[in-house]
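Colleague: Using only what follows, build the 3D model:
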Amino acid sequence: MPHIVDRATRSRMMAGIGSRNTKPEVFLRRALHARGLRYRLHNRRLPGTPDLVFRQFGAVCFVHGCFWHRHAGCRYATTPTTRKEFWLAKLTSNVARDQRNRRELLDAGWRVAVVWECSLRKGGEPGTAIELDSWLHGDEREFETSPRAQSTIGRG
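Modeller: You can find the predicted model right below:
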């Protein structure tokens, strides 16, 4: 497959991808705020700098991109064909870091939620916000958006 842009342009584009205030994160924040939930953003004192911190529930939430965090079985978790070794190492280290941060937060007494980007596609944020709200008011330690939400809402 031919490259659409040259290497320097691709590097500049990839460097411009931020880790905060991403489109999926902003969609989820709006939906949660509309449900009356309040949170703090990007607490650097916590392992992994969670996207949302719900102190009143003792919970944190990460909004993970399916590509960058390797959502298992997701059609958006592709591996680039060029520089495959680099990408596999990079993405594998992302997953290991996520697991380490999750374990540290759980060990510190936090409840941890992971919302995958694909569950927020095609208008999926209201349903995901309802699931997350329900989890916050429950007592389970961990939450992750379900593959079912991905297959019914996340197509496209």
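Colleague: remind me, longest helix of this protein?
Modeller: Longest helix of the chain, by residue count under DSSP state H: helix 84-107.
Colleague: Angles on the backbone of the residue most central in space within the chain, please.
Modeller: Most central in the chain under CA atoms, centre = their mean is residue 64, positioned 1.3 Å from the mean C-alpha point. Main-chain torsions, residue 64, degrees, to the nearest 10: phi -100, psi 140.
Colleague: got a list of what it touches?
Modeller: Going by CB atoms under 8 Å, 6 or more residues apart in numbering, residue 64 touches 71, 98, 114-117. Quick note: C-beta positions are derived from backbone N, CA and C, even for glycine.
Colleague: residues of stretch 41-58 that come out buried?
Modeller: Across stretch 41-58, burial judged by 16 or more other CB atoms under 10 Å covers 43, 46-54, 57.
Colleague: wait, which of the residues you listed is closest to residue 76?
Modeller: Residue 76 lies nearest to residue 51 out of these, by CB to CB, at 18.0 Å.
Colleague: ok, back up a step: could you dump the buried residues of stretch 41-58 into a markdown table with distance to residue 102 added?
Modeller: A markdown table is the format used below for the buried residues of stretch 41-58 (distance: CB to CB, whole Å):
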| residue | distance to residue 102 |
| --- | --- |
| 43 | 15 |
| 46 | 11 |
| 47 | 8 |
| 48 | 7 |
| 49 | 13 |
| 50 | 10 |
| 51 | 13 |
| 52 | 15 |
| 53 | 14 |
| 54 | 16 |
| 57 | 17 |
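Colleague: Perfect, I'm done here.
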